[in-house]
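Visitor: Kindly generate the corresponding structure for this input.
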Amino acid sequence: MADSGVYVSAALAELLLRYLDELRLDAPALRDELASFAGLQRMPVESWWSLLRRIDELQPRTATGLAIGRLARPHHVGVLGYLAMSCATLGQALQRFQRFQPLLHNLTPTRAAQRSGAFELSWDPSYGRSTRLSDEVLVSAMLTLARQLTGRADLRLRGVEFPGPAPADVAAHERLLECPLRFDARTLVVLLPLEALALPINTRDPHLMALLEQQAEALLRASPQPDALMTALQRAIVDALQEGEPAFETIAARLGVPSRSLYRRLQERGLSYKGVLNDTRLQLARAYLADAKLRLPEIALLLGYSEQSAFSRAFKSWSGVTPLRYRRQRLS
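Guide: Numbering: from 1, shown residues only. The predicted structure follows:
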């Protein structure tokens, strides 16, 4: 696979080495490759995905990614881990995670929102999709670190939604995550109890937090930015929506990219134009529905639909609820 310019923190290689040690797996070639990332800031996401796959093949098991994530410690996520340790509360640590997440990976931005009494973290799929193994590591490591930071081994997630089909046996996922699970979701979603945000962190240090934030800001400025093509594509779609349904050829022309080239570059990211269009519309729809002054027919027109009914059907297929119900839940 060609290098896409998308990276994860090279500190994650230490987590994989710890997993090999835990299972007492020799794998000298794999260990040598992992050791090659020592002292580096980043590794290509393709290398990360390949390493996870090869580790899983060494000793196949259900939910390998969850087992790897349970071994996570703050230093496995670099400066983000130490910054989280210095925060006052779990909520403050999660805010820093969202802000500085590109230091861990730059595949797709983290979104934070409230949903039905829970704190929701999700990852915009229009930039690209990760693998199930990588998603499992992220979810499991996030829960493990939250428990370590707060000293609350009984901390539970409110739910997790995974893209892709459910495994043949979900028992391992249920045992390791201990929360409601959903598969075939539009994107990866992690739900935490709202009350967990106020949990204090045992190692909090305001002075150290300020210093680490400065370091994180400097590292962030030097880090590769999210996919420029996807940013430009979404902007072109948003502009074109004012004129109705944006055709693929129209968007390619706006970007100055041949249609075949744009189609191929989306395929390389595991994406389709229709999927990006729908994800962009959903993002905009959520923002518009949060504005009580906008009527549903107006929102439909802003999203390029000629009829409100078409917008309502599309929104329900994306989110599982009607626009009106979503607005009521959001505004309440």
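Visitor: so where do the helices sit in the stretch 201-332 of the chain?
Guide: Here the stretch 201-332 of the chain has its helices, by DSSP state H, counting those that start in this stretch, at 206-221, 228-240, 248-255, 259-268, 273-289, 296-302, 308-319, 323-331.
Visitor: residues contacting residue 113?
Guide: 119, 120, 122 (CB atoms under 8 Å, 6 or more residues apart in numbering). (Glycine included, C-beta is placed from N, CA and C.)
Visitor: of the residues you listed, closest to residue 41?
Guide: residue 122 (25.9 Å; CB to CB).
Visitor: Surely that closest one touches residue 189?
Guide: Yes. Residue 122 is in contact with residue 189 according to CB atoms under 8 Å; the separation is 4.6 Å.
Visitor: want to try TSV for the helices of the stretch 201-332 of the chain, with distance to residue 49 and mean neighbour count as columns?
Guide: Below are the helices of the stretch 201-332 of the chain laid out as TSV (distance: least, CB to CB, whole Å; neighbours: other CB atoms under 10 Å):
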stretch	distance to residue 49	mean neighbour count
helix 206-221	23	14
helix 228-240	18	17
helix 248-255	27	16
helix 259-268	14	14
helix 273-289	20	18
helix 296-302	37	17
helix 308-319	27	16
helix 323-331	34	15
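Visitor: for those helices, which one sits closest to residue 171?
Guide: helix 308-319 (29.1 Å).
Visitor: tilt between the closest one and helix 323-331?
Guide: Following axes from the mean of the first three to the mean of the last three CA atoms, to 10 degrees, one obtains 60 degrees for the angle between helix 308-319 and helix 323-331.
Visitor: Go ahead and name everything in contact with helix 308-319.
Guide: By CB under 8 Å, 6+ apart, helix 308-319 touches 186, 278, 281-282, 285, 296-297, 299-300, 303, 305, 321-324, 326.
Visitor: Can I get that helix in PDB? Just the C-alpha atoms.
Guide: In PDB, the C-alpha atoms belonging to helix 308-319 read as follows (Å, rounded to 0.1, in the frame of the first residue of the first chain):
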ATOM      1  CA  GLN A 308     -38.300  18.500   2.600                       C
ATOM      2  CA  SER A 309     -39.500  14.900   2.400                       C
ATOM      3  CA  ALA A 310     -36.300  13.800   0.600                       C
ATOM      4  CA  PHE A 311     -34.200  15.500   3.300                       C
ATOM      5  CA  SER A 312     -36.200  13.800   6.100                       C
ATOM      6  CA  ARG A 313     -35.800  10.300   4.500                       C
ATOM      7  CA  ALA A 314     -32.100  10.800   4.000                       C
ATOM      8  CA  PHE A 315     -31.500  12.200   7.600                       C
ATOM      9  CA  LYS A 316     -33.400   9.300   9.100                       C
ATOM     10  CA  SER A 317     -31.300   6.800   7.100                       C
ATOM     11  CA  TRP A 318     -28.100   8.400   8.400                       C
ATOM     12  CA  SER A 319     -29.000   8.900  12.000                       C
END
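Visitor: That one relative to helix 273-289, how many degrees between them?
Guide: Using the same axes, to 10 degrees: helix 308-319 against helix 273-289 is 100 degrees.
Visitor: Let me know the average pLDDT across helix 308-319.
Guide: Helix 308-319 shows a mean pLDDT of 91.
Visitor: Same check on stretch 125-144?
Guide: Stretch 125-144 comes out at a mean pLDDT of 89.
Visitor: Report the buried residues of that stretch.
Guide: By 16 or more other CB atoms under 10 Å, the buried positions in stretch 125-144 come out as 125-144.
Visitor: Now do the same contact list for residue 8.
Guide: Counting by CB under 8 Å, 6+ apart, residue 8 has contacts 42, 43, 45, 48, 104, 105, 107.
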